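Enquirer: Whatever this is, show me its structure:
(2 chains)
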Amino acid sequence: MQAVGTHRSRVWTARVLFLLPVSVLFFFFFIYPFLFTIYTSFTSWRGIGSMKFNGLANYTKLLGDPTFRKALGNNVVWALSQGFIQVPLACLIAMILVRKPRFWRSLRTIYYLPNVISTVALAMVWVAIYNVEGPLNAILGALFGAEKRNWLGNPDTALFAVIFQTVIYIGYFMIILLASAMNIPRSLYEAAEIDGASTFQQELSITLPMLRGSLITTMTLAMAYGMRHFESTFLMTGGGPAYATTTMGIDLYLKMDALRYSEASTAGVFLIIMGTVVITVLRKIFGSSDPMSEMAQ
Amino acid sequence: MKHTYTPAQIIANFLKWILLLSLLAVALLPLLWLLISSLRTNLELQTNPFGWPKDMQWVNYAKALAMASLPRLLLNSAVVAASSVILNSAVTAMASFILARERFRGRDVLYTLFTAGVLVPVISFMVPYFSLITKSGLYNTLLALVLVYTAVNIPVSIFLVTAFMKSIPKELEEASVIDGCGFFKRFSVIILPLSRSGLVTAATFCFIYSWNEFLMAMLLTSSIESRTIQLGIKFFTSQFITDYASMYAAVVITIIPSIVGYVFLHDKIIGGLTAGAVKG
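Expert: Coordinates of the predicted model:
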């Protein structure tokens, strides 16, 4: 009895010991910041001194702040364009690659490549591409005689320009959809073939319905990422010109930079809320899938 | 008998390849443009920004590396990325072993909690991270970045490594217990070596993140001693203000590790991405 007791307590000590490092890191970098963000959003705090509780003041201030509202609106545009343009395009590519055309493996590998390249480097390239004297204007000029535009410097085109460059990241969603399309049983297509269904009909009535779960997952991912967008816009335009491309993340950063810490925290709460809204709304509309296991990528 | 195509099939096939090749161009041209630009003269950059450079200006690379801060920034990035990968792999291997191979109450709750970390946008934590790092005296140190990168990658790594460890047949472990293997032996002799592939996948994602990360590095460091290469090419390139060609060379140098890593490990990355997709 004695021996069993010590053995069990030894096993428990070992288990706790093994879980401890992850738990400590997780506490300090996820749980504490989460609670801290929520807590400070109800205070007036400028980084130093004590935190004074001020109720919903930050929330009303933020919702009345034209910059933040602009950011929120831009994030919605981001989320919708990622979910309803990026993902369908990725799905189309996946539907082509699943039929294993020549070089499909190499294409799959190359399509994902931009996802491993630093945003800083790619943003620099895009700034050059969008430059008034850059390649894009030269190509459009040569093909259509279009006049030169300052794509990133003009408030009318800047948001479109920063969103358009995300097309290079399409491989990420495509790979998830392709893996799932490859799991569709061949027999379904063979049966349809015998029934005389055309390729187009097969895609419509077999592939798309079978991809439903993965489509919901990738759309959720894409829209959640659209809501938390920060890096490439920050690097290309800094949120300008005249806040035309700002996002909640950029707004948060600029507020923090101006030492408006509790307002920054409030923006952080909005970021968390909007991400949750996206996931919940998509689940309500399309039924549940398993975005969480995918988010873990 | 030769297979004949209907006109509709020929058109569909044509459109298909147009689409595939335009996407290929979109994925590769920015990188190719960067590479070619890094080999031009500055005059060519202005006068002939798309054509092939007349003479490859390899000297741009020498100039970039001769820039005072570049080697230091590269070293900082290498140290941060390597340390984050090692630390992240170590802590997640240990935790995943418990979460995948031990049975106890609360295990699934703990697993869900750790992996649910991905649902939270880390950028909303700018204020608390800054406050935490400053208060603990780690501001402007490489250690601050190592801790943040290790922690931020925990949800992904736990997800990948736990899934991998769960797939190891129970019999292997049972046999080892009969052979008298204790807790630590089961971990180090049986599970750990068998999970190598899952750990490499998680480590690859952690490396890509740590090497490329920009925001936290900008937020938590302030001087050349602890800044990473991503900040370097964003801010210190002002040194190059008249020498764009060398600046592009510097950028190419910074993306080489990612590309080399991808060439060798793309199967692991693609496998990792699709680990959750199999369920459909």
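Enquirer: Give me the residue ranges of the stretch 101-250 of chain B where confidence is low.
Expert: Scanning the stretch 101-250 of chain B with the threshold set as pLDDT under 70 gives B:236-241.
Enquirer: cool, and chain A?
Expert: A:1-5, A:288-297.
Enquirer: Strands of that one, residue ranges please.
Expert: Taking DSSP state E as the criterion, chain A carries its strands at A:43-44, A:52-53.
Enquirer: Show me what the last one is packed against.
Expert: Contact here means 3 or more C-beta pairs under 8 Å, 6 or more residues apart in numbering or on different chains; DSSP states H and E; on that basis strand A:52-53 packs against strand A:43-44. Yep, even glycine has a C-beta here, placed from its N, CA and C like the rest.
Enquirer: now for the strand it packs on, which elements pack on it?
Expert: Going by 3+ C-beta pairs under 8 Å, 6+ apart, strand A:43-44 lies up against strand A:52-53.
Enquirer: neighbouring strands for the strand it packs on, and are they parallel or not?
Expert: strand A:43-44 (antiparallel) (DSSP bridges).
Enquirer: Report the distance from the strand it pairs with to the chain centre.
Expert: 30 Å (C-alpha atoms, centre = their mean, to the nearest Å).
Enquirer: what's in contact with that strand?
Expert: Here strand A:43-44 makes contact (C-beta atoms under 8 Å, 6 or more residues apart in numbering or on different chains) with A:Met51, A:Lys52, A:Phe53, A:Asn54, A:Ala57, A:Asn58, A:Ser262.
Enquirer: dump the residue contacts of the last one.
Expert: The contact partners of A:Ser262, taken as C-beta under 8 Å, 6+ apart, are A:Thr40, A:Ser41, A:Phe42, A:Thr43, A:Ser44, A:Trp45, A:Arg46, A:Met51, A:Asn54, A:Asn58.
Enquirer: Pick out the most distant pair among the residues you listed.
Expert: The span of the contacts of A:Ser262, defined through C-beta to C-beta, is set by A:Phe42 and A:Arg46 at 14.7 Å.
Enquirer: higher neighbour count, these two?
Expert: A:Phe42 (20 against 12; other C-beta atoms under 10 Å in any protein chain shown).
Enquirer: now the more buried one: how far from chain B?
Expert: Per C-beta to the nearest C-beta, to the nearest Å, A:Phe42 is found 13 Å from chain B.
Enquirer: Equivalent analysis for A:Leu215, please.
Expert: Distance, A:Leu215 to chain B, using C-beta to the nearest C-beta: 10 Å.
Enquirer: How about A:Lys284?
Expert: Counting by C-beta to the nearest C-beta - A:Lys284 and chain B are separated by 17 Å.
Enquirer: ok, so what distance separates the nearest residue to A:Tyr112 once chain neighbours are set aside from B:Tyr262?
Expert: Closest residue to A:Tyr112 apart from its sequence neighbours, by C-beta to C-beta, 6 or more residues apart in numbering or on different chains: A:Gly171 at 3.7 Å. To B:Tyr262, A:Gly171 is 11 Å away according to C-beta to C-beta, to the nearest Å.
Enquirer: Looking at the two now, which is surrounded by more residues?
Expert: Higher neighbour count among A:Gly171 and B:Tyr262: A:Gly171, with 25 against 21, using other C-beta under 10 Å.
Enquirer: so who does the more buried one touch?
Expert: Going by C-beta under 8 Å, 6+ apart, A:Gly171 touches A:Ala90, A:Arg108, A:Ile110, A:Tyr111, A:Tyr112, A:Leu113, A:Pro114, A:Asn115, B:Ala27.
Enquirer: Now do the contacts for the fifth one.
Expert: Contacts here follow C-beta under 8 Å, 6+ apart; on that basis A:Tyr112 touches A:Gly171, A:Tyr172, A:Met174, A:Ile175, B:His266, B:Ile269, B:Ile270, B:Leu273.
Enquirer: repeat that for 10 Å
Expert: Contacts for A:Tyr112 (C-beta atoms under 10 Å, 6 or more residues apart in numbering or on different chains) come out as A:Tyr169, A:Ile170, A:Gly171, A:Tyr172, A:Met174, A:Ile175, B:Ala27, B:Tyr262, B:His266, B:Ile269, B:Ile270, B:Leu273.
Enquirer: List the contacts of B:Ile270.
Expert: A:Arg105, A:Arg108, A:Thr109, A:Tyr112, A:Gly171, A:Ile175, A:Ile176, A:Leu178, A:Ala179, B:Thr201.
Enquirer: Those residues in helices, which ones?
Expert: Within those, residues falling in helices by DSSP state H are A:Arg105, A:Arg108, A:Thr109, A:Tyr112, A:Gly171, A:Ile175, A:Ile176, A:Leu178, A:Ala179, B:Thr201.
Enquirer: List only those of these flagged as buried.
Expert: Buried by 16 or more other C-beta atoms under 10 Å in any protein chain shown: A:Arg108, A:Thr109, A:Tyr112, A:Gly171, A:Ile175, A:Ile176, A:Leu178, A:Ala179, B:Thr201, out of the ones in helices among the contacts of B:Ile270.
Enquirer: Quick one: those residues as a markdown table, columns for distance to A:Val16 too.
Expert: Below are these laid out as a markdown table (distance: C-beta to C-beta, whole Å):
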| residue | distance to A:Val16 |
| --- | --- |
| A:Arg108 | 43 |
| A:Thr109 | 42 |
| A:Tyr112 | 39 |
| A:Gly171 | 41 |
| A:Ile175 | 38 |
| A:Ile176 | 36 |
| A:Leu178 | 41 |
| A:Ala179 | 37 |
| B:Thr201 | 27 |
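Enquirer: ok, of those residues, which one's closest to B:Thr92?
Expert: The closest of these, once distances to B:Thr92 are taken by C-beta to C-beta, is B:Thr201, at 11.4 Å.
Enquirer: Test my guess that that closest one contacts B:Asn153.
Expert: No - judged on C-beta atoms under 10 Å, B:Thr201 makes no contact with B:Asn153 at a distance of 12.0 Å.
Enquirer: How many neighbouring residues does residue 136 have?
Expert: Picked chain A for this. There are 19 residues near A:Leu136, going by other C-beta under 10 Å.
Enquirer: actually it's chain B I care about, not the one you picked
Expert: Neighbourhood size, B:Ser136 [other C-beta under 10 Å]: 13.
Enquirer: Can you name the residues that contact it?
Expert: Each residue near B:Ser136 by C-beta under 10 Å, 6+ apart is listed here: A:Phe28, B:Leu143, B:Ala144, B:Leu147.
Enquirer: Quick one, which of the residues you listed are buried?
Expert: Buried members of those, counted by 16+ other C-beta under 10 Å: A:Phe28, B:Ala144, B:Leu147.
Enquirer: Name the nearest residue to residue 272, ignoring sequence neighbours.
Expert: Unless you meant another one, I'm taking chain A. Closest residue to A:Ile272 apart from its sequence neighbours, by C-beta to C-beta, 6+ apart: B:Ser124 at 5.3 Å.
Enquirer: To clarify, I was referring to chain B.
Expert: B:Thr201 (4.0 Å).
Enquirer: same thing with A:Met227?
Expert: A:Met274 (4.7 Å).
Enquirer: Isn't the one you found up against A:Arg228?
Expert: Yes - counting by C-beta under 10 Å, A:Met274 does reach A:Arg228; the two are 8.4 Å apart.
Enquirer: where do the contact lists of those two overlap?
Expert: Shared contacts of A:Met274 and A:Arg228 (C-beta under 10 Å, 6+ apart): A:Asn75, A:Ala79, A:Met248, B:Pro121, B:Ser124.
Enquirer: domain assignment for chain B?
Expert: Using automatic domain parsing, the domain parsing of chain B gives B:7-57, B:60-279.
Enquirer: Check the ones you listed for me and report the most buried one.
Expert: Stretch with highest mean neighbour count among the domains of chain B: domain B:60-279 (a mean of 19; mean count of other C-beta atoms under 10 Å in any protein chain shown).
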